[in-house]
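[1] Got a predicted model here, sequence first, then my questions.
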Amino acid sequence: MRVLITDPIADAGIERLRGAGHDVATAYDAEGEDLLDAVSTADALIVRSGTDVNEAVFDAAPDLQIVGRAGIGVDNIDIDAATEHGVVVANAPEGNVRAAAEHTVGMAFAAARSIPQAHGRMVDGAWAKGEFLGTELNGKTLGIVGLGRVGQEAAKRLGALGMELVAYDPYISEDRADQIGAELVELEACIERAEFLTVHVPLTDETEGLISEAELAQMEDGYVINVARGGVVDEAALAEAVD
């Protein structure tokens, strides 16, 4: 197959494709007409989040059989257009689950202890220890929006630190939530009870702007951690809430 890769992936992945006999080309950061020209002869396309795989891309690639997303989300791929053109879309749902969960833990500690702010003050030459006492995660309530693979792994790690877990996910059963040690509640209750809110949902029409003005108002003096897609949180509302 003629494989086109338009976002950087590890060299090992490229060599594995070539080792399997495929003709592999890269066109990193290709956009507009350059992207359409590059994909015109491709049988397979591999992307991450940087390439917008829209209807024009499918129109320009008559031989395209599959689009592979090297990651979890497929929000940058027009699934309807892929279906209309008979193109399979595949992702790698296990690819960065642990990394995203660990990143969530890191961001929780950074927020709780004001680590970025304290670091900035130290770089400026100030020892402002008294201004950055922070708070403990132990005993705090963690609200989890999206109890899928990443949400579950984050719940296990932060639950082990002594946090009480409440979660919102309309697609997860109460039995599964119980196994993880989380209480399954509606979104409003999850946000209202959370002292730390962590978001682990894909960006879809349903989730775009899911955390907006009303939800952020409920989180006054709380912490919001989003290691999912930026569009899940209304950026204008977030900026206003931070101000």
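    Nice, thanks for sending it over.
[2] Contacts for the helix of greatest length in the chain, please.
    The residue-count maximum for a helix in the chain (DSSP state H) belongs to helix 97-112. By Cβ atoms under 8 Å, 6 or more residues apart in numbering, the list of residues contacting helix 97-112 from outside reads 72, 115-116, 134-137, 142, 149-150, 153-154, 156-158, 196, 198, 200, 223, 225, 227. To be clear about C-beta, it is placed using only N, CA and C from the backbone, and glycine gets the same treatment.
[3] Quick one: the strands in this protein, in order.
    For the chain, the strands defined by DSSP state E cover 2-5, 23-26, 44-47, 66-69, 88-90, 141-145, 164-168, 182-184, 196-199, 223-226.
[4] residues making contact with the fifth one?
    Right, strand 88-90. So strand 88-90 is contacted by 65-69, 74, 77, 79, 82 (Cβ under 8 Å, 6+ apart).
[5] Out of the residues you listed, who's the most crowded?
    Counting neighbours by other Cβ atoms under 10 Å, residue 67 leads those with 27 neighbours.
[6] OK, contacts around it?
    44-47, 53, 77, 82, 87-90.
[7] Pull out the buried members of the residues you listed.
    Applying 16 or more other Cβ atoms under 10 Å to the contacts of residue 67, the neighbour count classes 44-47, 53, 77, 82, 87, 89 as buried.
[8] okay, now residue 33: neighbour count?
    10.
[9] likewise residue 5?
    Quick note: residue 5 (other Cβ under 10 Å) scores 24 neighbours.
[10] again with residue 242
    Neighbours of residue 242 (other Cβ under 10 Å): 8.
[11] What does the pLDDT read for it?
    We have a pLDDT of 89 for residue 242.
[12] so who does it touch?
    By Cβ under 8 Å, 6+ apart, residue 242 has no neighbours at all.
[13] Look up how far residue 65 lies from residue 17.
    14 Å (Cβ to Cβ, to the nearest Å).
[14] on that earlier part again, got the contacts of strand 88-90 as CSV, with distance to residue 235 and pLDDT columns?
    Output for the contacts of strand 88-90, formatted as CSV (distance: Cβ to Cβ, whole Å; pLDDT from 0 to 100):
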residue, distance to residue 235, pLDDT
65, 36, 98
66, 33, 97
67, 28, 98
68, 29, 96
69, 24, 94
74, 22, 88
77, 22, 95
79, 24, 94
82, 28, 97
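[15] wait, which of the residues you listed is closest to residue 180?
    residue 74 (25.1 Å; Cβ to Cβ).
[16] so the closest one makes contact with residue 91?
    Yes - using Cβ atoms under 8 Å, residue 74 is in contact with residue 91, at 5.3 Å.
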